[in-house]
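Trainee: got a structure for you, letters missing:
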């Protein structure tokens with residue numbers, strides 16, 4: 001199983017680096033889309049989803065990811081504004097810290113809400129496997145990023 005994951009991640013990384021090498025403006029969005037599709041296929045495999053479950057899972061999972069992305073994008077923008085401010089006050093730092101903490105809380109709320117939706121057509125075992133697979137995927141991607149940074 002680890003070999004399959006490593007091979008799949010290597011394939012994705014090679015395709016993503018090929019897209020990045022092109023230097024086009026839309027590459028980031030295309031890379032994000034490809035990575036998301038790969039992740040969903042990986043999750044479906046790890047969760048052992050049936051054909052009839054996959055379409056519904058992909059739609060819900062994509063909606064959940066979009067909500068999370070929006071929340072964290074706003075938090076990153078707040079953090080970016082703070083870094084660019086030349087005379088940031090303690091109140092500015094406190095506000096940015098609160099936004100970052102709130103983003104994590106909102107992420108948990110989003111996950112809880114979607115877990116209830118997933119439970120309508122997935123078993124609890126599949127939901128648990130989804131969470132395991134998400135973490136495993138995140139760790140593997142982090143390893144790949146670290147490896148690429150060292151080169």
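Mentor: Here it is on my side, so go on. Worth saying up front: this structure is predicted, and the values here are computed from it rather than measured. Residues are numbered from 1 along each chain as shown.
Trainee: Can you show me the helices along this structure?
Mentor: 2-22, 27-47, 51-84, 90-118, 124-150 (DSSP state H).
Trainee: Determine which stretch of the ones you listed is the most buried.
Mentor: Scoring the helices of the chain by mean neighbour count under mean count of other C-beta atoms under 10 Å gives helix 27-47 as the most buried, with a mean of 16. Yep, even glycine has a C-beta here, placed from its N, CA and C like the rest.
Trainee: before we move on, the earlier item: make JSON lines from the helices of the chain and add mean pLDDT to it.
Mentor: Shown next, in JSON lines, are these (pLDDT from 0 to 100):
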{"stretch": "helix 2-22", "mean pLDDT": "52"}
{"stretch": "helix 27-47", "mean pLDDT": "91"}
{"stretch": "helix 51-84", "mean pLDDT": "94"}
{"stretch": "helix 90-118", "mean pLDDT": "94"}
{"stretch": "helix 124-150", "mean pLDDT": "92"}
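Trainee: got a list of what the residue nearest to the spatial centre of the chain touches?
Mentor: With distances taken as C-alpha atoms, centre = their mean, residue 65 lies nearest the centre of the chain, 6.6 Å away. Remark: with contacts taken as C-beta atoms under 8 Å, 6 or more residues apart in numbering, residue 65 is in contact with residue 36.
Trainee: With residue 93 as the reference, measure out to the residue of the chain most remote from its centre.
Mentor: Within the chain, the residue lying farthest from the chain centre (C-alpha atoms, centre = their mean) is residue 87, at 33.2 Å. Distance, residue 87 to residue 93, by C-beta to C-beta, to the nearest Å: 12 Å.
Trainee: next one: residue 46
Mentor: From residue 46 across to residue 93, the span is 40 Å (C-beta to C-beta).
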